[in-house]
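Trainee: What follows is a predicted protein model with its sequence.
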Amino acid sequence: MLRNIQIFSLLFSLFSLITVAQDKVTLSGTIKDAKSNETIIGANIQINGTSFNRTIQTNEYGYYSISISKGNYELTIQNLGFETVTETIELQSNTKKDFLLSEKSKEIEEVVVKSNNKILKIDKPEMSVNKLSIAQIKQMPAVLGEVDVIRSILTLPGVTNAGEGQSGFNVRGGSADQNLILLDEATIYNSSHLFGFFSVFNADAIKDLKLYKGGIPARYGGRVASVLDIYQKEGNSNKFSMNGGIGLISSRLLAEGPIVKDKSSFLIAGRSSYAHLFLKVTDNQNSAYFYDLNTKLNYKINDKNNLYLSGYFGRDVFNLNNQFMNTYGNAVLNVRWNHLFSDKLFSNMSLIYSDYYYGLTLDFIGFNWDSGIKNYNFKYDFKHYLTDKYKLFYGTNLVYYSFNPGKIEPTDSESGINPKQLAKKYAFEPSFYIDAEQKISEKIAINYGVRYSMFYRLGQETINTYANNQAVLYNEEIKIYEKATPTGTKYYGKNDVIAHFNNFEPRLAVAYTINASSSVKASYNRMSQYLHLISNTQSPTPLDVWAPSDNFLKPQILDQYALGYFKNIKNGDYTLEIETFYKKVKNRLDYIDGADLIANEAIEQVVLAGKSRAYGLEVLAKKNEGKLTGWASYTLSRSEQKTAGRTPNEIGINNGEWYKTGWNKTHNVSITAAYRWNEKWSFGSIFALQTGQPVTFPTGQYQYQGINVPVYGNRNENNLPTYHRLDVSATLTPSKNKNRNWKGEWVFSIYNIYNRRNAASINFRQNQDSGNNEAVRLSIFGMVPSVTYNFKF
């Protein structure tokens, strides 16, 4: 297969040699940070000639390439947080030109300096994409003493979470399991610590992130809502340095430096919370904490070959009086090889391991529970810079999955629990893609491609068989769905194919430039998701189990359409983005009433295939320059699900009618502001307001043997109260930091400054004294102050 890919790339190389005119030469190189030698993702290279004007960007590894006519050009290199470099160059032959960018000093940052990185790329056929560098994230309010990657994307239009104390995030009305989260190309299955209070991403170790909400390139697949692509830093190959922070709730430390100067480097970063230690002083046996570790090694073999080794390990631990103990987290490892076949053909090969583990101990019952998912991933990607107007991307992705639905073991010989291993599941997902970016004219640019994905559900497992292949039956007398009784079983040996699927996934994005400051864009993408998160909660919990598609759980298929208007105002001092979208998903799982999901070996007996849809309007307005910067976002949207009856006699779920999904948020407002008062003080704030989470309240009750039994209405027809809060932070940078190797700053922050008691849930009960029914609101977080001391040397 690899031989075929190499032949494929050579054919395109020959094609490019034939089609490119003889007077064209190739300018290529790498853009790096002068201080750390880190490659810079998304740096702008503006190329101006007599009759040529083009701006290109570096790729995920800081590399750029463009074929242009011979002649003299002025190159301007820009990136947020760095000084601009301008250089005149004469091109008469293929030229490799690297650039080193120096960080802006605090004094320079005080001056209003325009940066092309903040100006919208109105002519680029890319929409529904939000890019945040770590420099931008660190300008946001530091709540709980540190900036947070997941909290930063929640300020963007179209992105929400299910509510306070909920993990994960939702994009354009999709569920949290429909997001593909990548850390150095490795899949992260749970993105939150402490059920959403912290993200698993240590901002000190992160270099860049991109969130794709639509118009997703063909190189991505496997999920139907979004892609969050995050890259870690590579490590300082010039000199050793450390930075970190000490706070009331958590602390962190990062060390990086050269192994061989300018040739190889390392990075290691650790983070942990320890608020539970204060409980020990009061003889409180409960605890809740997390810890994580990021690592990175890189080695430059020569100008055409680079090796990278990156990893992550994180765990959350909950302990309730040693009776209930819960441990869960991610572990990933990635080995990558960058290779330049030529100045026009860049490649990256990756071997990736991802693991999500969940462990539970119930000491009062006497058993241990383990479950999880592992995958082994081979990726080979090519970026082919054919001409200044045509780029080609192609490659393959092969993923092997191992699912552990659950294993029960007794804690001791007296517990009375019998050991049991639920049948492990296996799957293989190969895919191939080709993607092209083409500038057709000065006004029109397009991005088009296709991904071909396959999925093989593999043995070794005994599968239930059912009459008429229906695992769920409908009882017409009492009008409810019930589990079907298996008629038999069938055994599939190791690597036998239980079920097989394949899908073509076309992608298209078009940009039409109206004038120098505005454009309209449109996109369409189809995507397939072969994994399902078995969960009946509004957001992911550690107890949820991943399951592969099979004869009963069909793959989810998405079709999404988007249209947008983009404008730079006052040369990018302000920007405006307006998008509208419509998306529909086939084979979205729904659960019958009373479904039991935990340790269920026949999950097909409690699920039905439905469909979902979401549509809405997103507005993002940014102020990019001056002492006061920030943005305001607003989303008006609707997210619904429907599971109709399979026959005219069946009522379906919710009487076969559309109902709001658990993450539907009709209105979502977020305002983010950062104000730099002077060299010592800077301030930040985030205000969030959104429609309350959809829920189902009882509409009445009846008595049965003296017990009040509630009667419920349609699914999710009610809402929790409107959610809103204001977070603020103040950062003090002492003036004595100047000309010192040790630099420190104090971060003071308050989460939810006006102590809004947002409802995580509302429960109904009978008052023991009066006998009347009453509603009880559960709030998790009120006002949370914090102080952290950050340092670097």
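Mentor: Here it is on my side, so go on.

Trainee: so Gly662 sits in a strand?
Mentor: No - under DSSP: H, G, I helix; E, B strand; the rest coil, Gly662 falls outside any strand and is assigned coil.

Trainee: Would you mind identifying the next helix or strand past the strand or helix carrying Ile671?
Mentor: Here Ile671, judged by DSSP states H and E, is contained in strand 667-676. As assigned by DSSP H and E, the chain's next helix or strand after strand 667-676 is strand 681-690.

Trainee: Give me the spatial nearest neighbour of Lys239, chain neighbours excluded.
Mentor: Gly257 (6.5 Å; CB to CB, 6 or more residues apart in numbering). (Glycine included, C-beta is placed from N, CA and C.)

Trainee: surely that neighbour meets Asn243?
Mentor: No - between Gly257 and Asn243 there is no contact under CB atoms under 8 Å: 12.0 Å.

Trainee: hmm, back to that, tell me, how many neighbours does the residue nearest to Lys239 end up with?
Mentor: 18 (other CB atoms under 10 Å).

Trainee: how about the helix or strand harbouring it: buried residues?
Mentor: Using DSSP H and E, Gly257 maps to strand 250-260. Neighbour-count burial for strand 250-260, counted by 16 or more other CB atoms under 10 Å, picks out 250-258.

Trainee: if we look at the helix or strand following that strand, which residues are touching it?
Mentor: Using DSSP H and E, the helix or strand that follows strand 250-260 towards the C-terminus is strand 264-273. Applying CB atoms under 8 Å, 6 or more residues apart in numbering, the set of residues contacting strand 264-273 from outside is 37, 193-194, 198, 202, 204-205, 232-237, 249-259, 289-300.

Trainee: at 7 Å instead, please
Mentor: Residues outside strand 264-273 that contact it (CB atoms under 7 Å, 6 or more residues apart in numbering): 202, 204-205, 233-237, 249-259, 289-300.

Trainee: Tell me the secondary structure at the nearest residue to Asn53 once chain neighbours are set aside.
Mentor: Excluding the flanking residues, the one nearest Asn53 by CB to CB, 6+ apart is Ile47, at 7.3 Å. Following three-state DSSP, Ile47 is assigned to strand.

Trainee: count of residues packed around Ile47?
Mentor: 19.

Trainee: Might one say that it is in contact with Thr76?
Mentor: No - contact criterion CB atoms under 7 Å: Ile47 and Thr76 do not qualify, at 8.2 Å.

Trainee: one step back: return the strand holding Ile671 as PDB; C-alpha atoms alone will do.
Mentor: C-alpha atoms of strand 667-676 as PDB (Å, rounded to 0.1, in the frame of the first residue of the first chain):
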ATOM      1  CA  HIS A 667     -29.700  31.600  22.400                       C
ATOM      2  CA  ASN A 668     -26.000  31.700  23.300                       C
ATOM      3  CA  VAL A 669     -24.200  35.000  24.000                       C
ATOM      4  CA  SER A 670     -20.500  35.400  24.900                       C
ATOM      5  CA  ILE A 671     -18.500  38.600  25.400                       C
ATOM      6  CA  THR A 672     -14.700  38.300  25.900                       C
ATOM      7  CA  ALA A 673     -12.600  41.400  26.800                       C
ATOM      8  CA  ALA A 674      -9.000  42.000  27.600                       C
ATOM      9  CA  TYR A 675      -7.700  45.400  28.700                       C
ATOM     10  CA  ARG A 676      -4.000  46.300  29.100                       C
END
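
Trainee: could you say what helices and strands that strand packs with?
Mentor: In terms of contacts (3 or more CB pairs under 7 Å, 6 or more residues apart in numbering; DSSP states H and E), strand 667-676 is packed against strand 628-642, strand 681-690.

Trainee: so what secondary structure elements neighbour the last one?
Mentor: Contacts of strand 681-690 with other secondary structure elements, assessed using 3+ CB pairs under 7 Å, 6+ apart, are made with strand 667-676, strand 723-732.

Trainee: Each with direction, which strands does that strand pair with?
Mentor: Here strand 681-690 is paired, per DSSP bridges, with strand 667-676 (antiparallel), strand 723-732 (antiparallel).

Trainee: Please name whichever of the ones you listed is nearest to Pro419.
Mentor: Ranking the strands paired with strand 681-690 by proximity to Pro419 (CB to CB) places strand 723-732 first, at 44.0 Å.

Trainee: Just the buried positions in that closest one, please.
Mentor: 723, 725-731.

Trainee: Need the contact partners of that strand.
Mentor: Contacts of strand 723-732 (CB under 7 Å, 6+ apart): 141-143, 163, 680-690, 692, 745-754, 756, 758.

Trainee: Of these, select the buried ones using a ChimeraX command.
Mentor: In ChimeraX, a selection of the buried entries from the contacts of strand 723-732 looks like this (16+ other CB under 10 Å):
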select :141,142,143,163,682,683,684,685,686,687,688,690,692,745,747,748,749,750,751,752,753,756,758
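
Trainee: ok, back up a step: tilt between the strand holding Ile671 and strand 628-642?
Mentor: For strand 667-676 against strand 628-642, the angle by axes from the mean of the first three to the mean of the last three CA atoms, to 10 degrees is 160 degrees.

Trainee: model confidence over strand 667-676, on average?
Mentor: Regarding strand 667-676, the rounded mean pLDDT is 94.

Trainee: now for the helix or strand harbouring Tyr448, which elements pack on it?
Mentor: Tyr448 belongs to strand 444-458 when assigned by DSSP H and E. When contacts are defined as 3+ CB pairs under 7 Å, 6+ apart, strand 444-458 packs onto strand 425-439, strand 497-515.

Trainee: For the helix or strand following that strand, buried residues please.
Mentor: Going down the chain from strand 444-458, the next helix or strand is strand 461-465, by DSSP H and E. Buried residues in strand 461-465, counted by 16+ other CB under 10 Å: 461, 463-464.

Trainee: could those residues be laid out in CSV, adding pLDDT and distance to Asn716?
Mentor: Formatted as CSV, the buried residues of strand 461-465 follow (pLDDT from 0 to 100; distance: CB to CB, whole Å):
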residue, pLDDT, distance to Asn716
Glu461, 90, 35
Ile463, 92, 33
Asn464, 92, 31
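
Trainee: Closest one to Asn397 out of the residues you listed, please.
Mentor: After measuring these against Asn397 - CB to CB - the closest member comes out as Glu461, at 24.9 Å.

Trainee: What separation is there between the nearest residue to the closest one once chain neighbours are set aside and Glu477?
Mentor: Residue nearest to Glu461 in three dimensions, not counting chain neighbours: Ala423, with 4.9 Å by CB to CB, 6+ apart. Counting by CB to CB, to the nearest Å, the separation of Ala423 from Glu477 is 34 Å.

Trainee: more crowded one of the two?
Mentor: Ala423 (14 against 5).

Trainee: in what helix or strand does that one lie?
Mentor: Counting by DSSP H and E, Ala423 is part of no helix or strand.
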